[in-house]
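> This is a predicted model, with the sequence first.
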Amino acid sequence: MSQPPHPRTSSAIPPTAILHQTSGPDSPEKPEIMSSEEEVEVNHGKGVIWRGGYRIPLIRLRFNDVCDEGSTVILNSGLNLHDVLVDAVVGVLDALYTPKTAPTNVRSVTFIVRSMDGVAYTTGMDIDDDHKEIHFSTDYIAGVNERSNGKQNKQEILGVIRHEMVHCFQYNAFGGANGGLIEGIADWVRYKAGFRPPHWHRGEGNEWDDGYERTAYFLLWLEDQYGPETVPRINGWMKSRRYSDKLFIDLFNEKPDELFQRYKKWCDEHKEEESSEAACGGDAKESAPDKEESCPETSPQNEGDDHSYVEVSEPREDCNVSEVKLVARDRLCKLTYDGTGSFKRFLNSFEGLIEVLDSNMSEGERKLLLVTALKGDALAWLDAIDPEDEVDYPGLKVLLESNSSAAYKS
Ligand SMILES: [Zn+2]
């Protein structure tokens, strides 16, 4: 999460592998915006580095263990991390600002690849919030590699980096902004960059601030209604104000809940278009490198085993717990089993999510959730196995599993 940008004068930078250097200590604090003719393309070693009219902060890269499986996945992904990180800075600034309005307080971004729970998080260094750290989990990307047979690696690395980079530069109403909105803006930028994972779908979520892609799609709709400056205006509103939902009344003359109701109605009326659009990348501004591979149709591994994005925000216990639960609830809502593929794998995901959500959940409630996740052939099995709704939860799991392995063999 970023603090509202404001100029700082000095701060120590711990030594790590330096990807490239921006302004030295003697450089002017607020360099003039260069015109495009004068612009220096990324200039290694010395001087201020510019790209597309934006000042690039010092970017540093650290692998805590290059032998870690997830590190290998990143190093073998074919991505040039220099370009990926610089492009992420420019892409984020260009999505939310212009060269004249872009904040210049961020002095460095350190990208740290290490083993940890969750996906990634962004934080300011203890010493100075204008030095940002993006922590990226090797365990997570190793899991993506395994589940997708490597097909989602690039898209996911690019997408997570873009999302986290937004947190380095976005305004957050002095730290008090609605968390769902902050995450929604980050995923809106990710979507616009073309790094949409296959499990994202328009029209999901029950509240405008459910966060992540659910709020991102709401923002995309707002943008359609109110023009391309919509999200930059929302972000800009939070530069110098304390957060309240008045933001939406100021900018759109309506409360966010009312706007969201209109959005949901619109989604219901345009369901057909979404499913064809969802198949291949929507209106993404840049095309994703592996776009064809990210289509649900060509990534069966991701269908029904859908857990490619569980971000854990800043490591603060109170907000971590609720955010993980929120994500688990969402994943559970989307998790279905139609009789194809491994029931066991489905069940492992199903029970894992329930453990996160409510490990004390009763068997009756577990059965209800399991039964409502069945579709197609699996639903037909259920009718045959338990026509009177009498079998208990453990019994139902056993029967479904034996049915599934019998169907597999036939
Ligand atoms: Zn985030």
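Yep, it's here. Numbers count the residues shown, from 1 in each chain.

> Now do the one helix or strand Arg190 maps to: which elements does it pack against?
Assigned by DSSP states H and E, Arg190 belongs to helix 179-192. Judged by 3 or more Cβ pairs under 8 Å, 6 or more residues apart in numbering; DSSP states H and E, helix 179-192 is in contact with helix 81-96, helix 153-169, helix 212-226, helix 230-237. C-beta: built from backbone N, CA, C; applies to glycine.

> Nearest to the ion among those helices would be which one?
helix 153-169 (5.6 Å; Cβ to the ion).

> got the angle between the closest one and helix 81-96?
Angle of helix 153-169 versus helix 81-96, following axes from the mean of the first three to the mean of the last three Cα atoms, to 10 degrees, is 50 degrees.

> who does helix 153-169 touch, helix- and strand-wise?
Packed next to helix 153-169, using 3+ Cβ pairs under 8 Å, 6+ apart, are helix 81-96, strand 108-114, strand 120-125, strand 128-137, helix 138-148, helix 179-192, helix 291-294.

> how about the residues of the stretch 151-300 of the chain near the ion?
Contacts of the stretch 151-300 of the chain with the ion, taken as Cβ under 5 Å from the ion, map to Glu183, Ala186.

> if you set the cut-off to 8 Å instead, what comes out?
With Cβ under 8 Å from the ion as the criterion, the stretch 151-300 of the chain comes near the ion at residues His163, Glu164, Val166, His167, Ile182, Glu183, Ala186, Asp187, Tyr212.

> list the contacts for the second one?
Glu164 makes contact with Ala120, Tyr121, Thr122, Ile134, Phe136, Ala186 under the criterion Cβ atoms under 8 Å, 6 or more residues apart in numbering.

> Relative to Glu156, how far out is the first one?
Here the criterion is Cβ to Cβ, to the nearest Å. By it, Ala120 lies 10 Å from Glu156.

> Could you list the buried residues of stretch 140-158?
Buried residues in stretch 140-158, defined by neighbour count with 16 or more other Cβ atoms under 10 Å: 140-145, 147-148, 151-158.

> Distance across it, terminal residue to terminal residue?
Terminal residues of stretch 140-158 lie 14 Å apart, using Cα to Cα, to the nearest Å.

> Give me the domain ranges for the chain.
In terms of domains, the chain is parsed into 1-169, 172-285+293-303, 317-409 (source: automatic domain parsing).

> May I see those organised as a markdown table, with mean pLDDT added?
Output for the domains of the chain, formatted as a markdown table (pLDDT from 0 to 100):
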| stretch | mean pLDDT |
| --- | --- |
| domain 1-169 | 80 |
| domain 172-285+293-303 | 86 |
| domain 317-409 | 77 |
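
> all helices of the stretch 201-350 of the chain, in order?
212-226, 230-237, 246-252, 256-269, 271-278, 291-294, 317-334, 343-358 (DSSP state H, counting those that start in this stretch).

> Need the residues that contact the first one.
Residues outside helix 212-226 that contact it (Cβ under 8 Å, 6+ apart) are 180-181, 183-188, 190-191, 196, 200-205, 208-209, 230-231, 234, 251-252, 259-260, 263, 266-267, 309, 311, 327, 330.

> Next, the buried residues of it.
Tyr212, Glu213, Arg214, Thr215, Ala216, Tyr217, Phe218, Leu219, Leu220, Trp221, Leu222, Glu223.

> Check the third one too.
Within helix 246-252, the residues scored as buried using 16+ other Cβ under 10 Å are Leu247, Phe248, Leu251, Phe252.

> Summarise which helices and strands it is packed against.
helix 212-226, helix 230-237, helix 256-269.

> 7 Å - rerun?
Packing partners of helix 246-252 (3 or more Cβ pairs under 7 Å, 6 or more residues apart in numbering; DSSP states H and E): helix 230-237, helix 256-269.

> Could you export it as PDB, CA atoms only?
Only the C-alpha atoms of helix 246-252 are listed here, as PDB (Å, rounded to 0.1, in the frame of the first residue of the first chain):
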ATOM      1  CA  LYS A 246     -18.600  10.800  -1.200                       C
ATOM      2  CA  LEU A 247     -15.900  10.300  -3.800                       C
ATOM      3  CA  PHE A 248     -18.500   8.700  -6.100                       C
ATOM      4  CA  ILE A 249     -21.000  11.500  -5.500                       C
ATOM      5  CA  ASP A 250     -18.400  14.100  -6.300                       C
ATOM      6  CA  LEU A 251     -17.300  12.400  -9.500                       C
ATOM      7  CA  PHE A 252     -20.400  10.600 -10.700                       C
END
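
> near the ion, anything from stretch 98-114?
No. Stretch 98-114 lies apart from the ion when judged by Cβ under 8 Å from the ion; the minimum separation is 14.7 Å.

> Ends of that stretch, what's the gap?
33 Å.

> What are the buried residues along that stretch?
Neighbour-count burial for stretch 98-114, counted by 16+ other Cβ under 10 Å, picks out 99, 102-114.
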